[in-house]
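[1] Show me how the following folds:
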Amino acid sequence: MAIYLNSFLLKWLMEFLARGKRGIVYLDEVGGRKVVVKKARESSTALNRIENEANWLRKLNKEGIGPKLIEEGEGYFIAEFVDGTPFGKWIEKNMDKKILIGILKQCRTMDKMKVNKYEMHNPVKNIIVNDKPVLIDFERCKFTHEPKNVTQFVQFLVKRKILERNDELNAALKKYKEGYSETDFKKLISLL
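    Numbers count the residues shown, from 1 in each chain. Down below sits the predicted model:
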């Protein structure tokens with residue numbers, strides 16, 4: 001495909017969707033389907049963030065996480081467009097445990113892969129919800145021996161008063177962080 005290399009065309013042919021600290025996201029249509037094109041911001045001093053995101057999307061897609069990566073190149077990538085409600089707006093009106101468990105399961109998968117997303121403590125813009133939750137925006141991801149996706153998301157749920165912090169939850173979080181075991185993860189899920 002490789003049709004998005006010309007930044008002049010990029011600015012004029014596609015619909016602007018969002019601007020972040022490190023990238024600009026456009027909405028387009030390729031082959032009859034909606035896609036997003038994420039391009040590095042010229043003013044960003046962060047190095048290789050778009051390439052980093054494409055790299056992690058490629059890996060995470062194999063585990064069913066994130067929008068499907070379609071194409072990548074120097075300073076840009078193309079992925080499927082995920083239609084739905086940003087998690088911050090969704091959570092104001094919903095309390096569907098199935099969605100929360102779906103998010104936690106994706107966090108668990110990333111923890112098992114030893115990747116930290118660094119966004120799960122406040123994921124209001126980093127998850128799109130339709131019939132299922134889809135995590136987006138992986139430019140800050142990196143490999144680590146002590147990932148914190150599950151624990152950060154649980155802390156977010158506590159902050160939003162969806163979960164109550166108590167001795168049982170504190171013990172479950174501590175136990176999970178010690179070994180990242182499936183049993184300890186299931187205990188956290190049971191506390192929802």
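[2] domains of the chain?
    When the chain is parsed with automatic domain parsing, its domains come out as 7-80, 85-190.
[3] who's in contact with Lys161?
    With contacts defined as CB atoms under 8 Å, 6 or more residues apart in numbering, Lys161 has no neighbours. Bear in mind the C-beta positions are built from the backbone N, C-alpha and C, glycine included.
[4] Now it: which helix or strand?
    If you go by DSSP states H and E, Lys161 is not part of any helix or strand.
[5] in stretch 121-141, what counts as buried?
    By neighbour count on 16 or more other CB atoms under 10 Å, the buried set for stretch 121-141 is 123, 126-129, 133-141.
[6] pLDDT averaged over it - what is it?
    On average, the pLDDT along stretch 121-141 is 95.
[7] Val35 - that's part of a helix, no?
    No. Read with DSSP: H, G, I helix; E, B strand; the rest coil, Val35 is strand and lies in no helix.
[8] sorry, back to before: and the domains of the chain, which one is worst for confidence?
    Comparing mean pLDDT over those, the weakest stretch is domain 7-80, at a mean of 83.
[9] longest helix of this protein?
    Counting residues, the longest helix in the chain under DSSP state H turns out to be helix 97-112.
[10] Now tell me what touches that one from outside.
    With contacts defined as CB under 8 Å, 6+ apart, helix 97-112 is touched by 60, 63-65, 87, 90, 116-117, 120, 123, 127, 129, 132-133, 135, 147-150, 152-154, 157, 162, 180, 185, 188-189, 192.
[11] quick one on the thing from earlier: filter the buried residues of stretch 121-141 down to just the ones in strands.
    Mapping the buried residues of stretch 121-141 onto strands (DSSP state E) picks out 127-129, 133-135.
[12] Tell me the first helix or strand C-terminal of the longest helix of the chain.
    Next in sequence after helix 97-112, counting helices and strands by DSSP H and E, comes strand 115-116.
[13] Next, the buried residues of stretch 100-117.
    By neighbour count on 16+ other CB under 10 Å, the buried set for stretch 100-117 is 100, 102-111, 113, 115-117.
[14] In terms of distance to Gly73, which of the buried residues of stretch 121-141 ranks first?
    Comparing the buried residues of stretch 121-141 against Gly73 with CB to CB places Glu139 closest, at 15.5 Å.
[15] Check whether the closest one really touches Ala54, as I assumed.
    No. Look at Glu139 against Ala54 with CB atoms under 8 Å: they stay out of range, at 9.2 Å.
[16] farthest residue from the center of this structure?
    In the chain, Asp167 marks the outermost C-alpha relative to the chain mean, sitting 29.2 Å out by CA atoms, centre = their mean.
[17] Can I get the buried part of the contacts of helix 97-112 as one PyMOL selection?
    Here is the PyMOL command that selects only those of the contacts of helix 97-112 that count as buried (16+ other CB under 10 Å):
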select buried, resi 60+65+87+90+116+117+120+123+127+129+133+135+147+148+149+150+152+153+154+157+180+185+188
